[in-house]
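Chemist: Take a look and give me a structure for this.
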Amino acid sequence: MGMQTRIPESDINPIGNADRLFAYSICNSMIPLLILLLGIVIVVGLIVGLRINAFVALITAAIVISILSPGEWSIKIARVATSFGSTAGSIGIVIAMAAVIGVTMMSSGAADRVVQAFIRFLGQERGSPALAASGFVLSVPVFFDTVFYLLIPLARSMFSQTGRDYLKYVIAIAAGAAATHALVPPTPGPLVIAENLSIDLGAMILIGALVALPATILGILYAGWLNRKMPVPMRDVPGVEINTTQLSRLPGLGVSVLPIVLPILLIAGKTIFLPLINNDTVLARWIFVLGDANMALLLAAIASTALYIHMRRPSRKDLSTVIEQSLMSGGLIILITAAGGTFGAMLKEAQIGPAISGLFAGSSGVSGIGMLILGFGIASLLKFAQGSSTVAMITASAMLAAMLTPETLNFNVVYLGTAIGGGSLVGSWMNDSGFWIYSKMSGLTEVETLKSWSVLLVILGFTAGIISLALSIFLPLV
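Modeler: All right, here's what the predicted structure looks like:
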């Protein structure tokens, strides 16, 4: 008998060969996804289970992911430090200056002046929209808890004058402040979303404010409805006094809003006008410099500090103390946000994006709308699990950044950012510090807080998510 030629099995059974290739692709895709799952378990487990600080949890997860990811062993730890430095360098100055702006605006009376202006403009009878508008504006450069501390005495003052609608005033404050806290830079969460997803900061400010506005309006409507269904008396709260600030002791309105308006105008102006002019002109060079977020926030911090000095005439020691305290409060936020950026960079090293694409090989892949819904959902789950909106935004945007490929989205990535911001509001309960700030400062019981605060944040979050989805379809900006 002659020698028999062995026919390759792939030629005999091409379907079986395709199955093996598919299985091999799935296996290769699963390893990065298991690394991703391990990273999430480390972050949530350390924060929720062991009550470890978010910075330690995120940086630990980043190191573990880097060790398990491809690459030379000599660089596995070094690239973590490099990514941390890169992220801190991109957001550190902005967060530090925002912290200075917040503290000096409070100390100079500028924040009070902004609030009084809204109340005088809208009238005492429209107290809830005035308080919501105040929270909406002030929460852009000032942290949420600080804004709530400032405004809750005004809510008590209004109730003492009208004898009604206390819960409506409290919810209105939370609605305005929480919306911009989650959606508009330079608040740390939205700022890091923009950094992780490579969103133009001016676009994040403009679209974030656009999404936050209708969410706040719905929050005000909910405040009125719940106030009728569940009237709440104003109870005594130790340390919270009725606001009796007089306008004569406050700075003028123009200089009071300057630290808020100046950086927004400079950063947004760069986004709007730079594409319209020649980049080689002197005007373009100045727009580049002044519209940079670091420069814009530095100028705003100088203006806010100068106003504080003018109004309060502090000694050098007092001035130094105020600045140092503000920088200390911003320092922890910088560490957490930089660790979150590092976590995202290490997920990219683990090849999360190609792994996701591999799972959908032969299909259209993860759609842009699917990615937007995924971002909202991940942020919501992280918020519910560990309580911090900022950590939820940082972690979710880092994960989504690792999954994105150039062909993934058919709309501007800013909508993915606002969807993540909206998702980070959903799921607030007793593990959220904001829950307790709202409850204890307003004198509400835990049950009343769940019915008002927790439901309000669900409304705000889903409204932001739905509007982000609608804008991505009807105004894609690509």
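
Chemist: Does the spatially most central residue of the chain lie in a helix or a strand, and which?
Modeler: By Cα atoms, centre = their mean, the mean C-alpha position of the chain lies nearest to G189, the distance being 2.6 Å. With elements taken from DSSP states H and E, the one containing G189 is helix 188-196.

Chemist: so what secondary structure elements neighbour the following helix or strand past that helix?
Modeler: Per DSSP H and E, helix 188-196 leads on to helix 201-229 as the next helix or strand towards the C-terminus. The contact analysis (3 or more Cβ pairs under 8 Å, 6 or more residues apart in numbering; DSSP states H and E) places helix 201-229 against helix 127-138, helix 166-183, helix 188-196, helix 253-273, helix 414-423, helix 455-474. Heads up, the C-betas are built off the backbone N, CA and C, glycines and all.

Chemist: ok and helix 201-229 relative to helix 253-273, angle-wise?
Modeler: 130 degrees (axes from the mean of the first three to the mean of the last three Cα atoms, to 10 degrees).

Chemist: Give me the buried positions along helix 201-229.
Modeler: Using 16 or more other Cβ atoms under 10 Å as the test for burial, helix 201-229 gives 201-213, 215-220, 222-223, 226-227.

Chemist: same check, this time on stretch 85-93
Modeler: Buried-residue list, stretch 85-93, by 16+ other Cβ under 10 Å: 87-88, 90-93.

Chemist: same for the longest helix along the chain, what does it pack against?
Modeler: In the chain, assigned by DSSP state H, the helix with the most residues is helix 316-349. Contacts defined by 3+ Cβ pairs under 8 Å, 6+ apart place helix 316-349 against helix 14-44, helix 54-68, helix 78-108, helix 188-196, helix 293-312, helix 389-403.

Chemist: Centre of the chain to the second one, how far?
Modeler: Using Cα atoms, centre = their mean, to the nearest Å, we find the averaged C-alpha position of helix 54-68 to lie 21 Å away from the chain's own average C-alpha position.

Chemist: for the record, mean pLDDT for it?
Modeler: In this model, helix 54-68 has a mean pLDDT of 93.

Chemist: and that helix, what does it pack onto?
Modeler: Taking 3+ Cβ pairs under 8 Å, 6+ apart as the contact cut, helix 54-68 packs with helix 14-44, helix 78-108, helix 316-349, helix 389-403.

Chemist: My read is that G421 contacts I193, right?
Modeler: Yes: using Cβ atoms under 8 Å, G421 is in contact with I193, at 6.3 Å.

Chemist: Now for the two: what residues contact both?
Modeler: Shared contacts of G421 and I193 (Cβ atoms under 8 Å, 6 or more residues apart in numbering): M393.

Chemist: Show the contacting residues for A209.
Modeler: 180, 183-184.

Chemist: please redo it, this time with the cut-off set to 6 Å
Modeler: If you count contacts by Cβ atoms under 6 Å, 6 or more residues apart in numbering, A209 has them with V184.

Chemist: before we move on, back to that, now distance to I394 too, for the helices and strands packed on helix 201-229, in TSV please.
Modeler: TSV is the format used below for these (distance: least, Cβ to Cβ, whole Å):
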stretch	distance to I394
helix 127-138	23
helix 166-183	12
helix 188-196	5
helix 253-273	20
helix 414-423	10
helix 455-474	17
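
Chemist: To T337, which of the ones you listed lies closest?
Modeler: helix 188-196 (4.6 Å; Cβ to Cβ).

Chemist: buried residues in whichever strand or helix holds Y438?
Modeler: For Y438, the host element (DSSP H and E) is helix 433-442. Neighbour-count burial for helix 433-442 flags 434-439, 441-442 (criterion: 16+ other Cβ under 10 Å).

Chemist: List just the nearest of those residues to F55.
Modeler: For those, the nearest to F55 is G434 (19.1 Å; Cβ to Cβ).

Chemist: Can you check the pLDDT for that closest one?
Modeler: On the pLDDT scale, G434 gets 89.

Chemist: quick one: it from T449, how far?
Modeler: 10 Å (Cβ to Cβ, to the nearest Å).

Chemist: Next up, the contacts around the closest residue to T180 other than its chain neighbours.
Modeler: With sequence-adjacent residues excluded and distances taken as Cβ to Cβ, 6 or more residues apart in numbering, T180 is closest to S139, at 4.4 Å. S139 makes contacts with 147, 177, 180-181, as judged by Cβ under 6 Å, 6+ apart.
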